[in-house]
Each structure stands twice: as C-alpha cells, then as structure tokens.
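Participant: Predicted structure and sequence below. I'll ask about it afterward.
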Amino acid sequence: MHHLRVATYDVIDGTPGEIADIVQQPDGMLEIFHAMPGFKAYSVLEISPTEIMSISAWDTHAEAEEAIAAAAEWVATHMADRVKRTYNTSASALFWQGAVA
C-alpha cells in the first residue's frame with residue numbers, strides 16, 4: 001500500500017511552473033524527499049494559474065507524516081514569499097495501479 005502526502009498552495013508570487021522549477025533545484029524539496037526513508041514519488045500539479053498541489057508517495061503512513069513536517073519547514077524557509085499552504089494531509093491509498101513515467 002502507498003501512503004501519500006497531499007498539500008495545496010496558493011501561488012502569491014510567480015507562476016506554478018516557476019515553483020515547480022524551484023522545488024527541483026539542488027537543495028530543493030525533491031532532493032530532500034529523495035533523502036528521506038520510504039520515498040517513492042513526488043509531483044507538483046498546476047490546479048490553476050494561482051494554485052498548485054504537491055503530492056508525494058511513501059512506503060508507510062509514518063513516513064508520509066514525516067514528509068509533512070519536512071515540507072512545511074522547507075516551504076517556510078525557502079518559499080514563504082511565493083506560496084501559502086492552504087491544505088496539508090497524509091492519506092493511505094486504497095488502490096494504486098499503473099505506471100507513471
């Protein structure tokens with residue numbers, strides 16, 4: 001079973017694409033997640049020109065919960081002037097099928 005961390009953010013400065021670029025840079029959120037135990041996948045989705053969703057997949061619920069804390073700290077330190085978190089939770093996938101390239 002996969003466990004997910006899901007968060008939504010209002011984009012207050014810049015574009016969703018710019019935010020996605022920043023999280024993929026060295027020392028960005030993607031690098032931090034990769035270093036954490038249980039990491040499986042991470043994506044940033046554009047909901048609208050002013051809203052994004054961040055989803056990451058983890059082996060265990062506890063690891064997904066740890067990702068919530070890591071993301072909150074990184075965003076507060078590196079993105080507080082660009083995004084405002086509006087929702088943040090972890091969830092267990094009832095099913096997960098297919099492959100994403």
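Facilitator: Received, thanks.

Participant: what's the single longest helix in the protein?
Facilitator: Scanning the chain for the helix with the most residues, using DSSP state H, yields helix 61-78.

Participant: which residues make contact with the helix or strand that comes right after that one from outside it?
Facilitator: Sequence-wise, the next helix or strand downstream of helix 61-78 (DSSP states H and E) is strand 83-92. Residues outside strand 83-92 that contact it (C-beta atoms under 8 Å, 6 or more residues apart in numbering): 1-12, 19, 51-52, 61, 64-65, 67-68, 71-72, 75. (Each C-beta comes from the backbone N, C-alpha and C, glycine too.)

Participant: Drop anything exposed from those residues.
Facilitator: 2-9, 11, 19, 52, 64, 67-68, 71, 75 (16 or more other C-beta atoms under 10 Å).

Participant: Give the buried residues for the one helix or strand residue 32 maps to.
Facilitator: Using DSSP H and E, residue 32 sits within helix 29-35. In terms of neighbour count (16+ other C-beta under 10 Å), helix 29-35 has its buried residues at 29, 30, 32, 33.

Participant: Who are the packing partners of it?
Facilitator: In terms of contacts (3 or more C-beta pairs under 8 Å, 6 or more residues apart in numbering; DSSP states H and E), helix 29-35 is packed against helix 16-24, strand 39-48, helix 61-78.

Participant: angle of the shortest one against strand 83-92?
Facilitator: Right, helix 16-24. 70 degrees (axes from the mean of the first three to the mean of the last three C-alpha atoms, to 10 degrees).

Participant: Bridging across strands, which residues link to the residue nearest the centre of the chain?
Facilitator: Centroid-nearest residue in the chain, with C-alpha atoms, centre = their mean: residue 54, separated by 3.5 Å. In this entry, residue 54 is beta-bridged to residue 7, residue 44, by DSSP bridges.
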